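Asker: Sequence and predicted structure below; questions after.
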Amino acid sequence: MPLPPLVPPAAELSAADIARYSRHLLLPEVGLTGQQRLKHARVLVIGAGGLGSPVLLYLAAAGVGTLGIIDGDVVEASNLQRQVIHTVAGIGQPKTESARAALLALNPELKVILHAGRLEAGNALALMAPYDLVIDGCDNFATRYLVNDACVLAGKPYVWGSIFRFEGQASVFWEQAPGDAGIHYRDLYPEPPPPELAPSCAEGGVLGVLCAAIGAIMATEAIKLITGIGESLLGRLLVYDALEMRQRCLPIRRDPKRQPITGLIDYPAFCGLGVVSSPASASISPAQLQQWRQGGVPFCLIDLREPAERAIVQIAGAEAIPKDQLLNHPTLLDASGAVPIVLHCKSGQRSLAVLQALQGQGYRGLHHLDGGILAWIRDVEPSLPSY
């Protein structure tokens, strides 16, 4: 739906600005006034990763005057497949620092404000206060609900995007939107999915260029909100399928059962991410498993990962039974406990979930590899490739 401009045209354009942004100025919908609005705008971007990278680069290129960045991670080699704001030289640096260097190289007139660390219920409202617009490029449900609730309380509009494997989604949420058109994230997703049904990109993978497609949509929506042009995605969910090269828009309506948001809560607990542990006897470290192997202790090692993951790296001697197959057919395992069974996945999350499910069905003699194959590579076989 059309919305009035979010930011007043209070910033003056210099001769250098006019030369730099001339292609914007030639657009009647943007023009001099629209570019002044962009220069005066203050945008907070949550996450300098797959979605934050193209969003930050395009907003800096578009002439947004102030960009705030929240991120608590450091650049890793596996990020470079999709997080195009970072480079090999930045590996090991905080993502906020790496992103700032890239943004200032692109636009030296930009003001970049870094907020190192993570967005939390204790700091969200204060961090958002100075900004006109929030962009949510995070990769987990707990932070998404936190961003939503904080924006509702702060009266801020925000642009949201999500990616997984080959599919992306994007929308605009703003509870206080003019014309009683307010919609927020809980209208789309009233409750978070169970943690085991919400794998991260690190577990499920993501097509790198998908980030560019969804990030460009998010940056476009931000520019439209700032300048008041076009039809906003407020009240609509855009779904993008990269494999089929199709996109569609679905209406979002207010949830009739929605409850007023009156304060911030414990979002990890809300999303079922409280500390869940297995009994000490059921968890085995890589070093302990190696001792079993070297000592001739009989055991059965089950690899719960998908075939594509096994093609990357394997622990010698492991039998492949993907997680979903095992949960649907638990009789593939010996329930007697006569021979210890060790379950493993990439990082330990899937193996712990399967262990608890099977224990609930009476299976005994089960263990799971603490930290998964990544911990095994780190502690036992560092010559194996990590992913």
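Answerer: Okay, I see it.

Asker: Quick check: V75 vs Y267, distance?
Answerer: For V75, the distance to Y267 (Cβ to Cβ, to the nearest Å) stands at 26 Å. All C-beta atoms are positioned from the backbone trio N, CA, C, and that covers glycine.

Asker: Distance from the chain centre to stretch 92-110, please.
Answerer: The chain centre lies 20 Å from the centre of stretch 92-110; the measure is Cα atoms, centre = their mean, to the nearest Å.

Asker: which residues sit against it?
Answerer: With contacts defined as Cβ atoms under 8 Å, 6 or more residues apart in numbering, stretch 92-110 is touched by 16-17, 48-49, 52-53, 56-57, 60-61, 63-67, 69-75, 79, 83, 85-87, 90, 112, 114-116.

Asker: Where helices are concerned, which of the residues you listed count?
Answerer: Using DSSP state H, A16, D17, G52, S53, L56, L57, A60, A61 are the members of the contacts of stretch 92-110 that sit in helices.

Asker: Filter these down to the buried ones, ChimeraX style.
Answerer: Here is the ChimeraX command that selects the buried residues among the ones in helices among the contacts of stretch 92-110 (16 or more other Cβ atoms under 10 Å):
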select :17,52,53,56,57,60
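
Asker: Helix or strand for the closest residue to I321 other than its chain neighbours, just tell me which one.
Answerer: Leaving aside its sequence neighbours, I321 sits nearest to I302 (Cβ to Cβ, 6 or more residues apart in numbering; 5.4 Å). Assigned by DSSP states H and E, I302 belongs to strand 300-303.

Asker: Listing partners with orientation, what would you give for that strand?
Answerer: strand 319-320 (parallel), strand 341-344 (parallel) (DSSP bridges).

Asker: buried ones in the following helix or strand past it?
Answerer: Tracing the chain past strand 300-303, the next element assigned as helix or strand by DSSP H and E is helix 307-312. Residues E309 are the ones in helix 307-312 that count as buried (16+ other Cβ under 10 Å).

Asker: Pull the distance from helix 307-312 to the chain's centre.
Answerer: Here the centre of helix 307-312 is set off from its chain's centre by 23 Å, with Cα atoms, centre = their mean.

Asker: same deal with stretch 348-356?
Answerer: Distance of stretch 348-356 from the chain centroid (Cα atoms, centre = their mean) equals 22 Å.

Asker: Likewise for stretch 60-71?
Answerer: Distance, centroid of stretch 60-71 to centroid of chain: 19 Å (Cα atoms, centre = their mean).
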